[in-house]
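[1] Give me coordinates for this.
(one chain, ligands or ions: 4)
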Amino acid sequence: MTKTCAELFQGMECTIIGDGSEEVAGLAFRSDAVCSGDMFFCIVGNVVDGHSFAQDAIDRGATSLVAERKVYLADATDVTEVVVADSRKAMAGAAAAFYDHPSEGFSLVGITGTNGKTTTTYLVEHIAEVAGNRCGVIGTVGNKIAGIVEKSDHTTPESPDLQKLFARMRDAGCTVVTMEVSSHALDLKRTWGTDFAVTAFTNLTQDHLDYHHTFDDYFEAKALLFSAAYPARRVINIDGAWGRELLRRCTEAGDEVITTGFDTTAQIHPLEVAFEATRTVATLEVRGARVEVSYPLVGRFNLENVMTAFGCALSLGIPTDVIVRALATMPPVPGRLEQVPAPAGAPVTVYVDYAHTPDALAKAIASIQALSAGRTIVVFGCGGNRDASKRPIMGQAALAADLAVVTSDNPRHEDPRAIIDDILAGMEGAEGFIVEPDRRAAIAAAIAAAEPGDAILLAGKGHEDYQLVGDEVLAFDDRQVAAEELIRAFGETEND
Ligand SMILES: CC(=O)N[C@H]1[C@@H](OP(=O)(O)OP(=O)(O)OC[C@H]2O[C@@H](n3ccc(=O)[nH]c3=O)[C@H](O)[C@@H]2O)O[C@H](CO)[C@@H](O)[C@@H]1O[C@H](C)C(=O)N[C@@H](C)C(=O)N[C@H](CCC(=O)O)C(=O)O
Ligand SMILES: Nc1ncnc2c1ncn2[C@@H]1O[C@H](COP(=O)(O)OP(=O)(O)OP(=O)(O)O)[C@@H](O)[C@H]1O
Ligand SMILES: N[C@H](CCC[C@H](N)C(=O)O)C(=O)O
Ligand SMILES: [Mg+2]
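    Ligands and ions are numbered 1, 2, ... in the order given. You can find the predicted model right below:
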């Protein structure tokens, strides 16, 4: 059911100039996406000021404008203007109203943190499904409505896209929705006006300092999800100082909190763990009770994700025995320590992983080392037009492997050689690494250098099936390229 301009802004501080009773057909924040009868939001961006596209939006059929100052000075009777203090907040609030506050129609779990968001959302989805829920997922790998996956451009969509997605999930009968909430999204108010049942924090380590500039600012963006703007039950990993600071704030605010981590004071923590080659078996202490879990994910960091998901599931009221049963049948998460099928008799194992931060790279290498009796070879690069200060730190982290192959990972609009030089600054004085800017050749070089029993970690691209070079999106999937290069090296027959 369509809404009028006045209805969308009910209860919001704003000045409506013109006729507020006109129906709004849709919401747009890009002038070139405006359709007839749309409301156009003028946003002051980091690159351009969206107010300068107001006329363009009107020419394309917008009948109302939301702006931080009056912009449409021509004979304004045919266009309604809504003047607000913050266009992004207004857009998110109006989008929630446009779709009748869809997040109130299901239990929404929002997960933030530098690493582990995608994995944890998939874990919560699976547990909730086993508990009998129809689920939605929103995040980096794609958006899923009751098991059907659609591609996504953002980890957390812009508010009109997000609320529309929520509405589709509500209308499809989803009872639990689990979403990644990026720090960009929180800072840019993409989730403003959303009703969360549970919010969870995984960890905070270096990334995105190109956008947030300081660690403190990065943390404060994440911390918004735990502020009074988003009242919810909280799940917090307290292994790091940032998690403990969040816990302090949430406790002070009187929130209901479940703590997780290796820290033995956490409400959910491990007592005994066996990290096996294809699964993990652990005894957890869960709010004072011993709980045995066994799940088909590997690596120490995935135990952290499992504990966070456990906390989210308990917060949703799912019983412990159902959580344990669900964990045992957890499907793999695409591109997260995913093993590449190899020809029969291939003496090396190749894993594809999405580690693209210093902490993730260090932890992925350590996880592979713990699983493999042979050497560990890592192939990695760093994204262009992203936090450049993480590059030398990732270079240094890669030295923990027996051999590092430095290559390209979405150079975007930067020179791939210059990105590699930034990485190499962290590897100065070290020996035993290869530089090969062409990612396919780098993967082939790693396979050629491997000895029987070695493991190769292809880091950074995970589920991605492209390489971004300039404005081009070139087809490139680490899993496919590695499978091809393994066949080239070791023959045709596939191992099961
Ligand atoms: C850093 C960031 O997140 N930027 C987002 C921000 O862009 P911006 O502030 O630069 O916008 P701008 O280009 O200056 O434009 C200002 C306004 O004018 C409008 N405009 C612009 C041009 C035009 O012709 N017509 C027009 O109307 C724009 O739509 C915008 O509303 O607002 C835009 C929409 O309003 C977003 O599309 C854009 O996301 C860019 C594309 C992006 O790459 N974001 C990434 C970094 C991101 O959000 N990543 C996180 C995840 C990271 C993680 O997983 O770790 C995510 O949640 O996906
Ligand atoms: N809890 C964790 N702590 C540290 N590293 C992790 C953790 N979980 C996963 N990782 C590493 O980070 C990579 C990305 O994991 P995942 O996709 O779950 O994180 P994310 O937070 O969704 O990342 P993004 O910011 O790109 O959306 C994994 O491939 C793995 O190498
Ligand atoms: N959400 C992250 C993904 C990075 C993935 C990596 N392959 C890269 O392109 O740097 C980002 O946009 O920074
Ligand atoms: Mg993600």
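
[2] Residue 17: how many residues sit nearby?
    Burial of residue 17 is recorded as 15 neighbouring residues (other Cβ atoms under 10 Å). All C-beta spots, glycine's among them, are computed from the backbone N, C-alpha and C.

[3] doesn't residue 71 make contact with it?
    No: contact criterion Cβ atoms under 8 Å: residue 17 and residue 71 do not qualify, at 10.5 Å.

[4] Name the residues contacting each of these two.
    Contact with both residue 17 and residue 71 is made by residues residue 81, according to Cβ atoms under 8 Å, 6 or more residues apart in numbering.

[5] tell me the pLDDT at residue 371?
    pLDDT, residue 371: 88.

[6] Use 669 as the first number for this chain going forward.
    Renumbered: residue one is now 669, and that last one reads residue 1039.

[7] Distance of the residue lying closest to it once chain neighbours are set aside relative to residue 961?
    Leaving out its chain neighbours, the residue that sits closest to residue 1039 by Cβ to Cβ, 6 or more residues apart in numbering is residue 945, at 5.5 Å. Computed as Cβ to Cβ, to the nearest Å, the residue 945 to residue 961 distance reads 17 Å.

[8] if you count what's nearby, which of these two comes out ahead?
    residue 961 (21 against 11).

[9] Helix, strand, or coil at that one?
    What DSSP: H, G, I helix; E, B strand; the rest coil gives for residue 961 is strand.

[10] Over to the one 5 residues further on?
    For residue 966, the assignment made with three-state DSSP gives coil.

[11] now the one 5 residues further on
    Using three-state DSSP as the criterion, the local structure at residue 971 reads helix.

[12] Let me see the contact set for it.
    938, 941, 943, 948, 950 are the contacts of residue 971 under Cβ under 8 Å, 6+ apart.

[13] Just the ones of these in strands?
    With DSSP state E as the criterion, strands contain 938, 941, 943, 948, 950 from among those.

[14] Just to be sure, the residue nearest to residue 1039 is in a helix?
    No: under three-state DSSP, residue 945 sits outside any helix and is assigned coil.

[15] Contacts only, for residue 995.
    Residue 995 neighbours (Cβ under 8 Å, 6+ apart): 791, 795, 961-963, 974, 978.

[16] From those residues, pick the one nearest residue 849.
    Residue 849 lies nearest to residue 791 out of those, by Cβ to Cβ, at 15.9 Å.

[17] give me the element the closest one is part of.
    When elements are assigned from DSSP states H and E, residue 791 belongs to helix 785-798.

[18] Any part of that helix near ligand 3?
    No: between helix 785-798 and ligand 3, judged by Cβ under 6 Å from any ligand atom, nothing touches; the nearest distance is 9.5 Å.

[19] So that helix, near ligand 4 or not?
    Yes: Helix 785-798 reaches ligand 4 (Cβ under 5 Å from the ion) through 785-786.

[20] just how off-centre is that helix within its chain?
    13 Å (Cα atoms, centre = their mean, to the nearest Å).

[21] which parts of that helix are buried?
    Judged by neighbour count (16 or more other Cβ atoms under 10 Å), helix 785-798 contains these buried residues: 785-796, 798.

[22] Any chance of CSV for those, columns distance to residue 809 and pLDDT?
    Putting the buried residues of helix 785-798 into CSV (distance: Cβ to Cβ, whole Å; pLDDT from 0 to 100) gives the following:
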residue, distance to residue 809, pLDDT
785, 11, 98
786, 6, 98
787, 10, 98
788, 13, 98
789, 9, 98
790, 8, 98
791, 13, 98
792, 14, 98
793, 11, 98
794, 14, 98
795, 18, 98
796, 17, 98
798, 20, 98
